[in-house]
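Novice: Sequence and predicted model, in that order:
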Amino acid sequence: MKKILIVEDDMVSRKFLNKVLREYGDCDLVVDGLEAIDAFLISLKESRPYDLICLDIMMPKIDGVKVLKAMRDLENEKNIPIDKKSKIIMTTALGESDIVKTAFEYGCDAYASKPIDLDKFREVLGKLGIIE
């Protein structure tokens, strides 16, 4: 069973992602960047890192790009090999190419714009090795 973290401040999007992803793994749901970093730290401390993280870009407290950078920095500090790092998909309603470019520079694995196209999303999950 995969371990999945859904980071989404919008309740409708959070429920939708949970409904889609729970058939592939155990989902933890958090509503802002601070909770996301806490959940990520706990997963590393328990040696049960997330296989997949769906990370919203626009969030209260800490935005998704800063959260992404913090997560990748923590993985690097712990010398986690590339193939063992969490797969991170950025989700956003924004099509701002500079934000997306920065997210890829910080190490996100994929990008999904909202509303999420289920077929494309499942295709990305397949490419990332989350689903068969």
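Specialist: Perfect, I can see it now. Computed from a predicted structure; not experimentally measured.
Novice: Could you pull out the buried residues of the worst-scoring helix or strand of the chain on mean pLDDT?
Specialist: Least confident helix or strand of the chain, by mean pLDDT, DSSP states H and E, is helix 97-105 with a mean of 91. Neighbour-count burial for helix 97-105 flags Ile99, Val100, Thr102, Ala103 (criterion: 16 or more other CB atoms under 10 Å). (Glycine included, C-beta is placed from N, CA and C.)
Novice: Could you identify the most distant pair in these?
Specialist: Val100 and Thr102 (7.3 Å; CB to CB).
Novice: okay, Ile4: pLDDT?
Specialist: Note for Ile4: predicted pLDDT of 98.
Novice: so what's it up against?
Specialist: Leu21, Tyr24, Gly25, Asp26, Cys27, Asp28, Tyr50, Asp51, Leu52, Ile53, Cys54 (CB atoms under 8 Å, 6 or more residues apart in numbering).
Novice: mind running it again at 7 Å?
Specialist: The neighbours of Ile4, taking CB atoms under 7 Å, 6 or more residues apart in numbering as the test, are Leu21, Gly25, Asp26, Cys27, Tyr50, Asp51, Leu52.
Novice: again, but for Asp51
Specialist: Contacts of Asp51 by CB under 7 Å, 6+ apart are Lys2, Lys3, Ile4, Gly25, Ser86, Lys87, Ile130.
Novice: Could you export the residues you listed as a markdown table, including distance to Ile42?
Specialist: As requested, the contacts of Asp51 are arranged in a markdown table below (distance: CB to CB, whole Å):
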| residue | distance to Ile42 |
| --- | --- |
| Lys2 | 17 |
| Lys3 | 11 |
| Ile4 | 14 |
| Gly25 | 17 |
| Ser86 | 13 |
| Lys87 | 18 |
| Ile130 | 21 |
